[in-house]
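> my questions are about this predicted structure, shown below with the sequence.
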Amino acid sequence: MLEPGDKAPAFTLPDQDGNEVKLSDLKGKTIVLYFYPRADTPGCTTQACGVRDRGADYKKAGVRVIGVSPDTVEAQRKFADKFDLGFTLLADADHAVAEKYGTWVEKSMYGRKYMGVQRATFIIDAKGKIARVFPKVSPKKHDDLVLEALGEL
């Protein structure tokens, strides 16, 4: 997984509307980039709705929040619509970006091992460097931790 001070790996992914989002186009802005395992599952919904509900706090902090999962564009659109999320969700269907950020890991459930996304959040500064990393962040505590860190930067 990436560490503070590392250059944020470049990416281009489609958003929930099928529009390309390039990290390089966001230079000059602080980005909260969070990886989540799967749209419309309990933990991911808790986390996404938390971001939605704290949207004014993120706006006040001057950041753009972007969620990334290995779902399809269509799944991201349904998720965004169902919960009226109002922020960008990116479809990393081949998990290439998750691999670059070190969040595509071996997981285990009921003794079965499989590959999947480890929930993690990265704050990327205006220069494109990783400012903070929150690995395995709890969906319920996510926004408090991230907003507190943004206040310290």
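Arrived safely. Numbers count the residues shown, from 1 in each chain.

> for the helix or strand of the chain with the lowest mean pLDDT, which positions count as buried?
Within the chain, no helix or strand scores below strand 104-109, which has a mean of 88 by mean pLDDT, DSSP states H and E. Along strand 104-109, these residues count as buried under the neighbour rule (16 or more other Cβ atoms under 10 Å): Trp104. Any C-beta I mention is one placed from the backbone N, CA and C, and that applies to glycine too.

> on the three-state scheme, Val146 is what?
Following DSSP: H, G, I helix; E, B strand; the rest coil, the label given to Val146 is helix.

> what about it, distance to Glu152?
Val146 sits 11 Å away from Glu152, going by Cβ to Cβ, to the nearest Å.

> ditto for Val133
From Val133 to Glu152 the distance is 14 Å (Cβ to Cβ).

> looking at the two, which one has more neighbours?
Per other Cβ atoms under 10 Å, whichever of Val133 and Glu152 has more neighbours is Val133, with 18 against 7.

> what pLDDT does the more buried one get?
Looking at Val133, its pLDDT stands at 96.

> tell me the bridge partners for it.
Phe122 (DSSP bridges).

> who does the very next helix or strand once past the least confident helix or strand of the chain touch, helix- and strand-wise?
Next helix or strand after strand 104-109 toward the C-terminus (DSSP states H and E): strand 112-117. Packing partners of strand 112-117 (3 or more Cβ pairs under 8 Å, 6 or more residues apart in numbering; DSSP states H and E): strand 104-109.

> adjacent strands (with direction) for the strand it packs on?
strand 112-117 (antiparallel).

> just how off-centre is the strand it pairs with within its chain?
19 Å (Cα atoms, centre = their mean, to the nearest Å).

> which of the residues in it are buried?
116-117.

> got it, and stretch 135-153?
Going by 16+ other Cβ under 10 Å, stretch 135-153 has these buried residues: 137, 139, 142-143, 146-147, 149-150.

> among those residues, which one sits closest to Gly5?
Ala149 (14.7 Å; Cβ to Cβ).

> before we move on, the earlier item: nearest to Tyr36, out of the buried residues of stretch 135-153: which one, please.
For the buried residues of stretch 135-153, the nearest to Tyr36 is Pro139 (8.2 Å; Cβ to Cβ).
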